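# Sharing a model that was predicted from the sequence below.
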Amino acid sequence: EEIGAVARSIVEKAIEKHAADGLGRVDYALASGGAMVVAHSEPLFPTAGIWLKLKKVNVVAQKMLQPSFGEPGHCFPLKGSNGFVDIKLRTDIIPDAVTLEHVAKSVAYDRSSAPKDCQIFGWFQGRDADQSNQAEKKFLLTEFAYDLDRSNAQTFSVESSNSGIVNMIRLEFSSNHGGPHTCIYRLRVHGHEPDLVAVPSLQP
Amino acid sequence: EEIGAVARSIVEKAIEKHAADGLGRVDYALASGGAMVVAHSEPLFPTAGIWLKLKKVNVVAQKMLQPSFGEPGHCFPLKGSNGFVDIKLRTDIIPDAVTLEHVAKSVAYDRSSAPKDCQIFGWFQGRDADQSNQAEKKFLLTEFAYDLDRSNAQTFSVESSNSGIVNMIRLEFSSNHGGPHTCIYRLRVHGHEPDLVAVPSLQP
Amino acid sequence: EEIGAVARSIVEKAIEKHAADGLGRVDYALASGGAMVVAHSEPLFPTAGIWLKLKKVNVVAQKMLQPSFGEPGHCFPLKGSNGFVDIKLRTDIIPDAVTLEHVAKSVAYDRSSAPKDCQIFGWFQGRDADQSNQAEKKFLLTEFAYDLDRSNAQTFSVESSNSGIVNMIRLEFSSNHGGPHTCIYRLRVHGHEPDLVAVPSLQP
Ligand SMILES: [K+]
Ligand SMILES: [K+]
Ligand SMILES: [K+]
């Protein structure tokens, strides 16, 4: 019966974590939390879109800020093997990790569309920011390769020296796993909200 | 290998329960089962609504009769720290418990919007009921405080002496956990359908 | 601590499988993968529908090609205790099993609407297929009875001698568990895509 008690406690914790969005970590890039995709490279299906300021954003882009529930197809497909997506976070945070997720191997039709070599950039965008100057302010938070042999949700730490307050994130991928297009199932951004005392910002 | 067998059996039962809406209990307030919110106190976002008879019902109100899948934001937000929601159940039942759920601590941005002191009322509404007389027929089924330190789905029994046939439920909250508004993630109502033999009703 | 390690490993595998659509098997009849219901017997709610070629397809029919997430009501309800549904698969496959799912016992209001005696047919439909000739080409892949006492997702193997390339599946049910109508929560079709070398097709 002691075995049962140990096992039950392990199971309860594991299911609690699974039920808490799989990871049990706060996601500041979640669509239902107020985050949104605001720009991206050329989408696979270019027809349907909405205009955000001067950029056209594909209607399925927001899928990459939503849970996938183990279902193939719940992703944002982009043309080619390299590209980018810009995300406006729910609020200002000091990022400490990101999680990139693709569909699980066991239910996937094909995983050649998974992104491979990735870079994550962060920056702070003021309300009246001149959009044309944004490119100069982006800081590299982490770079990694998505590995098809590991668990399908892969978390990568942000090096602490790079941390500062950000409200924008760019995912840039320079290769994928061999397919003609690239599907982003989900990107999550973890971190914490700054205290009201002064915290260094990434802005100059 | 005996350990493995014991553990496997515990795991299977736990996942089966998790897969069965988390609790493995029938919910007569589930939107996909036919229940609906029919009235409520002032919503946080008052613009979008549908008219049910003479009451305007907020379009996001029905979110509190749907699963939340561990996602922050899937709730019905109401103004202030006290208020109420009236729910028409799927069918006539004898209630034996209710479950109030808020978003899990590990994925929440902020839990100050969770309701705290709550009362649950039940009553039976006939087809031709005079709406203005409804208030007199409500019976207190249970009262409780939602506790942020416990599991996020908290079940409270209905005292058996209060049981009778009901098809309407009111959730009334008189305080929350400190926020300027109150979010209801989900309310479930458990019980059983009356046999066709006579059962005492809450109606006079 | 050894017990803990064994239990943890069992739990991780079980949750991984649960998170992978419950079964950890590829489903070629999944709506988000591109499959769709293209014909069916008389639906319970006949009003809303879309026209596919010459057949009217009920708008809720596609629910049977989507996950149910432990929720009653997420099904396609058909009139009576016998009927059929035709599904166009995502792509050409050699089928090796099907899974029929009904709502879990613990959360169900009533399971008399579950299908009972079922037959699964498969065939290959060419692009220019003469629809009126289709009936002659259907092959029986498997037949079974859905059992209310077993787990709610029940998988049945296709006998290997029946296997060939198919892109269409018919679920035909000749009885249900006693209700006046029949609800199909989900049908999944498992198998593998043919290699590019020659594989025998079900077409003559
Ligand atoms: K997704
Ligand atoms: K909800
Ligand atoms: K379904």
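Yep, that arrived. Ligands and ions are numbered 1, 2, ... in the order given.
# Spatially, and excluding backbone neighbours, which residue is closest to A:S68.
Counting by CB to CB, 6 or more residues apart in numbering or on different chains, A:H74 is the residue found nearest to A:S68 once chain neighbours are left out, at 4.3 Å. In this view, the C-beta of every residue, glycine as well, is placed from N, C-alpha and C.
# what's near enough to touch the one you found?
Applying CB atoms under 8 Å, 6 or more residues apart in numbering or on different chains to A:H74 gives the contacts A:K63, A:Q66, A:S68, A:V103, A:Y185, C:S32.
# Please name the nearest non-neighbouring residue to the second one.
Going back to what we said before, that points to A:Q66. A:A31 (5.1 Å).
# what number of residues lie near that neighbour?
21 (other CB atoms under 10 Å in any protein chain shown).
# again, but for A:G178
The number of residues packed near A:G178 is 12, by other CB under 10 Å.
# Same check on A:D96?
Look at A:D96: counted by other CB under 10 Å, it has 16 neighbours.
# Over to the one 4 residues further on?
Under the neighbour criterion other CB under 10 Å, A:L100 is assigned a count of 23.
# So it is in contact with A:V189, correct?
No - with contact defined as CB atoms under 8 Å, A:L100 does not count as touching A:V189 (10.5 Å).
# so A:A39 bridges to which residues?
Applying DSSP bridges to A:A39 gives these bridge partners: A:D86.
# what about the helix or strand where A:D92 lies, near ligand 1?
Secondary structure from DSSP states H and E places A:D92 in strand A:83-101. No - Strand A:83-101 does not reach ligand 1 (CB under 5 Å from the ion); its nearest approach is 7.6 Å.
# So which elements touch that strand?
The contact analysis (3 or more CB pairs under 8 Å, 6 or more residues apart in numbering or on different chains; DSSP states H and E) places strand A:83-101 against strand A:36-40, strand A:117-123, strand A:139-145, strand A:153-157, strand A:166-173, strand A:181-184, strand A:186-192.
# Can you check the pLDDT for the residue nearest to A:Q66?
For A:A31, the pLDDT comes out at 96.
# and it, how far is that from B:L100?
According to CB to CB, to the nearest Å, A:A31 and B:L100 sit 25 Å apart.
# interface residues of chain A facing chain B?
Residues of chain A found near chain B (CB under 8 Å from any CB of the partner chain) are A:3-4, A:7-8, A:11-12, A:15-22, A:24-28, A:30, A:32-34, A:67, A:69, A:90-91.
# picking up where we left off before, shouldn't the residue nearest to A:S68 be within a helix?
No - under DSSP: H, G, I helix; E, B strand; the rest coil, A:H74 falls outside any helix and is assigned coil.
# got a list of what the residue in chain A that chain B sits nearest to touches?
Residue of chain A nearest chain B, by CB to the nearest CB: A:S32 (3.3 Å). In this structure, A:S32 makes contact with A:Q66, B:E71, B:P72, B:G73, B:H74, judged by CB under 8 Å, 6+ apart.
# could I get the helix or strand harbouring A:G4 in CSV with only the CA atoms?
Assigned by DSSP H and E, A:G4 belongs to helix A:2-19. What follows is helix A:2-19, C-alpha atoms only, in CSV (Å, rounded to 0.1, in the frame of the first residue of the first chain):
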residue,chain,number,x,y,z
GLU,A,2,3.0,2.3,0.5
ILE,A,3,3.8,1.8,-3.2
GLY,A,4,0.3,2.9,-4.0
ALA,A,5,0.7,6.1,-2.0
VAL,A,6,4.0,7.0,-3.7
ALA,A,7,2.5,6.3,-7.1
ARG,A,8,-0.7,8.2,-6.5
SER,A,9,1.3,11.3,-5.4
ILE,A,10,3.5,11.1,-8.5
VAL,A,11,0.5,10.7,-10.7
GLU,A,12,-1.5,13.6,-9.2
LYS,A,13,1.4,16.0,-9.7
ALA,A,14,2.0,14.8,-13.2
ILE,A,15,-1.7,15.2,-14.2
GLU,A,16,-1.9,18.6,-12.5
LYS,A,17,1.1,19.8,-14.6
HIS,A,18,-0.4,18.2,-17.8
ALA,A,19,-3.7,19.9,-17.1
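# any idea how far that helix is from the chain center?
29 Å (CA atoms, centre = their mean, to the nearest Å).
# can you count the residues close to A:F124?
17.
# Ligand 1 contacts on chain A?
A:K63, A:Q66, A:S68, A:H74, A:R186.
# Which residues are in contact with A:R188?
By CB under 8 Å, 6+ apart, the contact list for A:R188 reads A:L23, A:R25, A:D27, A:A29, A:L30, A:V98, A:T99, A:E101.
# I'd like the distance between it and ligand 1.
Distance of A:R188 to ligand 1, given as CB to the ion, to the nearest Å: 10 Å.
# which stretch among the helices and strands packed on strand A:83-101 comes nearest C:E143?
Within these, the stretch nearest C:E143 is strand A:181-184; the backing value is 37.3 Å (CB to CB).
# what's the spacing between the nearest residue to A:G22 once chain neighbours are set aside and ligand 2?
Among residues not flanking A:G22 along the chain, A:A153 sits closest, at 6.0 Å (CB to CB, 6+ apart). Noted for A:A153: a distance of 23 Å to ligand 2, by CB to the ion.
# now A:E12
Separation of A:E12 from ligand 2 (CB to the ion) stands at 22 Å.
# No further queries at this time; thank you.
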